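Q: this one's sequence-less:
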């Protein structure tokens, strides 16, 4: 076999069968991920056609059917994601070394809902594969429902595309936190509608998958202000407080880790590695987009303008992630707000040409973002893709 034949095999063979696992080539993996993102975005976007025709049941069914492909690809993966085997080991550790759910909750560092989920899979299926299938289903059910809950304020097709471009690859790695983030997304509607107790209950539920979700609890106060002057004051004060939080993270972690429930966080080390300027450059187009359209959202009475400050907080935290890798994990709870803000901006465009132009530019931007982060840089170890037969 000559050199040209070898090159053709490397680039054009899509599937390799190995020990009961389908393994895609690198090129095949690229096509797969783009297919997941684009197809789900198109299906969810097309559901709007039926909703406008007042055929709501079909619209709802069609929208939620768009999560099937992401769930299948995520749930049936094998060895994909840098922490894949860690989660497999956790499953076997929890279900074989402890007497039951209560014993595992009180004698491990893992959050209650994560322990319960592992044991339910063990009792019902007795197969670790279903741990990934079930967790993937819940991640995308929560996140898609949060988008559907806010369908009157956002363009749901654009929202789904942004969701998958920003969180899909991460969910292959940080499964517990991806569950917490997806559950936290459900709090956006009660946040905007000033339903405090419902908001807090959802955040509390999210924290049962990953304790870091509790960082989202104060955003109710941040996003809701009685007067314009208070809103402006918060917009100036809160980012400053978060910068201070980052610089004081070392003593804060020391204090928190002394509490037995959070003792695991004593393993985190804080070491300054510089400011992540690249993050600001990459996100600057979205910041500009928000600044241009902030007044339009407000005049249109689209309440999504209230959470714009949360996205800015997320950028600040990403910029300061050089103080420790855990800071970027916290930033993700604020970063997901772009899903709602940007899709609301598209929704607020009254002219058809303006809406199409914004949609086109946003789609290109987020596909480029996904390509750079998860394909070019190869973050989260998702390439090449393998799935179980």
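A: Received the coordinates, thanks. No experiment lies behind these values; they were computed from the predicted model shown.
Q: My understanding was that residue 147 contacts residue 160; is that so?
A: Yes. Between residue 147 and residue 160 there is a contact under C-beta atoms under 8 Å: 6.3 Å. Heads up, the C-betas are built off the backbone N, CA and C, glycines and all.
Q: what about residue 305, neighbour count?
A: Residues contacting residue 305 under the criterion other C-beta atoms under 10 Å number 24.
Q: check contacts around the closest residue to it other than its chain neighbours.
A: Spatial nearest neighbour of residue 305, chain neighbours left out: residue 297 (3.9 Å); criterion: C-beta to C-beta, 6 or more residues apart in numbering. By C-beta atoms under 8 Å, 6 or more residues apart in numbering, residue 297 lies in contact with 304, 305, 344, 345, 348.
Q: So for residue 147 and residue 160, which sits in the more crowded spot?
A: Neighbour tally, residue 147 and residue 160, criterion other C-beta under 10 Å: the higher count belongs to residue 160, 29 against 25.
Q: what about the closest residue to that one other than its chain neighbours, is that helix, strand or coil?
A: Distance criterion C-beta to C-beta, 6+ apart; nearest residue to residue 160, sequence neighbours excluded, is residue 44 at 4.3 Å. Here residue 44 is helix, with the state taken from DSSP: H, G, I helix; E, B strand; the rest coil.
Q: Off-centre distance for the helix or strand containing residue 158?
A: Assigned by DSSP states H and E, residue 158 belongs to helix 156-171. Remark: helix 156-171 is offset 7 Å from the chain centroid, using C-alpha atoms, centre = their mean, to the nearest Å.
Q: Can you name the element that comes right after that helix?
A: helix 175-185.
Q: any residues touching that next one, and which ones?
A: Under C-beta under 8 Å, 6+ apart, the answer for helix 175-185 is 81, 83, 87, 110-111, 113-114, 132, 135, 138-143, 146-147, 167, 170-171, 202-203, 205-207, 209-210, 212-213, 216, 329, 332-333, 336, 339.
Q: If burial is judged by neighbour count, which of the residues you listed pass?
A: Buried members of these, scored by 16 or more other C-beta atoms under 10 Å, are 81, 83, 87, 110-111, 113-114, 132, 135, 138-140, 142-143, 146-147, 167, 170-171, 202-203, 205-207, 209-210, 212-213, 216, 329, 332-333, 336, 339.
Q: Can you list which of the residues you listed are found in helices?
A: Among the buried ones among the contacts of helix 175-185, the residues falling in helices (DSSP state H) are 87, 113-114, 132, 135, 138-140, 142-143, 146-147, 167, 170-171, 202-203, 205-207, 329, 332-333, 339.
Q: before we move on, back to that, and the residue nearest to residue 160, how far is that from residue 188?
A: 17 Å (C-beta to C-beta, to the nearest Å).
Q: again, but for residue 359
A: Relative to residue 188, and taking C-beta to C-beta, residue 359 is found at 21 Å.
Q: And those two? Which one has more around it.
A: residue 188 (27 against 18).
Q: give the contact list for residue 130.
A: 121, 124.
Q: mean confidence for stretch 310-328?
A: Mean pLDDT, computed over stretch 310-328, is 77.
Q: what do you get for stretch 237-246?
A: Computed over stretch 237-246, the average pLDDT equals 69.
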